[in-house]
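1. mind folding the following:
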Amino acid sequence: MTLAWDDFRLVKAIADRGGLTHAASHLGINHSTAFRRLSGIEATLDARLFERSRSGYVPTPAGLAMVEAAGRMETDVARFGREVLGRTLTPSGELRITAPVGFVTDLLMPLLARFRDAFPDVQIDVIMSEEPLNLSQRDADVAIRASNNPPANLIGRRLSGIAWAIYGRRDHIDDATYATRWVTPGPQVADGRFARFLRARASSNQIVLQLNAVTGLREAIQAGIGIGLLPCYIGDAKLDLQRLGEPEPDIASDLWLLTHPDLRHAVRVRAFMDFMADAIAPLRPAFEGRAALANPMAVVA
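-> As a prediction, this is how the structure comes out:
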């Protein structure tokens, strides 16, 4: 009996995704190839690995045993990769960074340019995502995240606090009805933090625009659709926007730079984390909303 690592990967992908179509897409193969390979694996083992039903593919006891073995193998392969990465002597090779879309577009790119100037042998792969990635499986090497509770299985540095405040378009603030119109992320964003904040300050018919992400808030406020919350480092930097009050502590979070413990001594990871800590330090007043307010205005609920 001979089974390859790819056979274990296929079976695990089918179990994780509930069927052949999504598993094939994840592995970069077509459906018919996945079907033939699964049939070949079952023939080699002389055992049925999945029960086929309308709801999808459900692992049999033999299938579950193979999935569990695949998980152990995946963990060992990932650990080996992290150990090899940690032995590199100079900052070089691929560095995978995950960060929220807004952070990448508003701040990260100029910093990455400076990092590349300092370490030209590092190739950067940026994964823009609001969702946490699995650093244990090297979905990314470093995560930049806004969080009050970073995952316990990761290590890293708190770079700064992130203050949020209410902003409006500067040339609209004299309009009494303008400050009653709100743009906001929906309840599915940040565990409902924004929705809870707004529920205490506005009625449902005052919410004129709702987004399923933080991305797009600034553009909506700049377009004059309504007032809304923004990180102070973004809102204070826009001349057409005006902060309408002090930072809101209920929305505040921290900016974290995180990595897996096995990667903390990897030269390129350590170089990037040191660089980011130094680059963000002078920006803390902007991140924490400590710029002076000009002509503050009380928000009409």
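2. hey, let's count contacts and neighbours off CA atoms from now on
-> OK.
3. low-confidence bits of this structure, can you list those?
-> Of all residues in the chain, those with pLDDT under 70 make up the ranges 1, 82-90, 131-138, 291-301.
4. the stretch 101-250 of the chain: strands as residue ranges?
-> If DSSP state E, counting those that start in this stretch is used as the criterion, the strands of the stretch 101-250 of the chain fall at 122-128, 142-147, 155-162, 164-169, 182-185, 207-211, 228-231, 241-243.
5. what lines up beside the shortest one in the sheet?
-> To tie it back to what came earlier, the one meant is strand 241-243. The sheet places strand 241-243 alongside strand 164-169 (antiparallel), with pairing taken from DSSP bridges.
6. can you tell me what sits against the strand it pairs with?
-> Residues outside strand 164-169 that contact it (Cα atoms under 8 Å, 6 or more residues apart in numbering) are 179, 221-224, 226-232, 235, 240-249, 251-252, 289.
7. could you rerun that using 7 Å?
-> Residues external to strand 164-169 that are found in contact with it (Cα atoms under 7 Å, 6 or more residues apart in numbering): 221-222, 224, 226-232, 235, 240-248, 251-252.
8. and stretch 51-70, by the same measure?
-> Where contact means Cα under 7 Å, 6+ apart, the residues beyond stretch 51-70 that reach it are 8-9, 11-12, 15, 18-19, 49-50.
9. go again with 6 Å.
-> Under the criterion Cα atoms under 6 Å, 6 or more residues apart in numbering, residues 8, 12, 18-19, 49-50 lie in contact with stretch 51-70.
10. what residue of the protein is the furthest out?
-> When distances to the mean C-alpha position of the chain are computed (Cα atoms, centre = their mean), the maximum falls on residue 46, with 42.4 Å.
11. if we can go back for a sec, could the strands of the stretch 101-250 of the chain go into a markdown table alongside mean neighbour count and distance to residue 283?
-> Below are the strands of the stretch 101-250 of the chain laid out as a markdown table (neighbours: other Cα atoms under 10 Å; distance: least, Cα to Cα, whole Å):
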| stretch | mean neighbour count | distance to residue 283 |
| --- | --- | --- |
| strand 122-128 | 16 | 22 |
| strand 142-147 | 23 | 15 |
| strand 155-162 | 19 | 9 |
| strand 164-169 | 25 | 15 |
| strand 182-185 | 25 | 25 |
| strand 207-211 | 16 | 28 |
| strand 228-231 | 25 | 13 |
| strand 241-243 | 24 | 18 |
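12. what ranges does this protein have for its helices?
-> 5-17, 20-27, 31-45, 61-86, 101-103, 109-118, 193-199, 217-222, 232-235, 267-280, 284-287 (DSSP state H).
13. nearest to residue 130, of those?
-> Taking Cα to Cα as the measure, those were each checked against residue 130, and helix 101-103 came out nearest at 7.0 Å.
14. what's in contact with the closest one?
-> Defining contact as Cα under 6 Å, 6+ apart, one finds that helix 101-103 is touched by 128, 215.
15. hmm, try it at 7 Å
-> 128-129, 215.
16. look up how far residue 285 lies from the nearest residue to residue 25 once chain neighbours are set aside.
-> In space, and not counting its chain neighbours, residue 25 is closest to residue 31: 8.0 Å by Cα to Cα, 6 or more residues apart in numbering. Using Cα to Cα, to the nearest Å, we find residue 31 at a distance of 53 Å from residue 285.
17. could you do residue 110 as well?
-> 19 Å.
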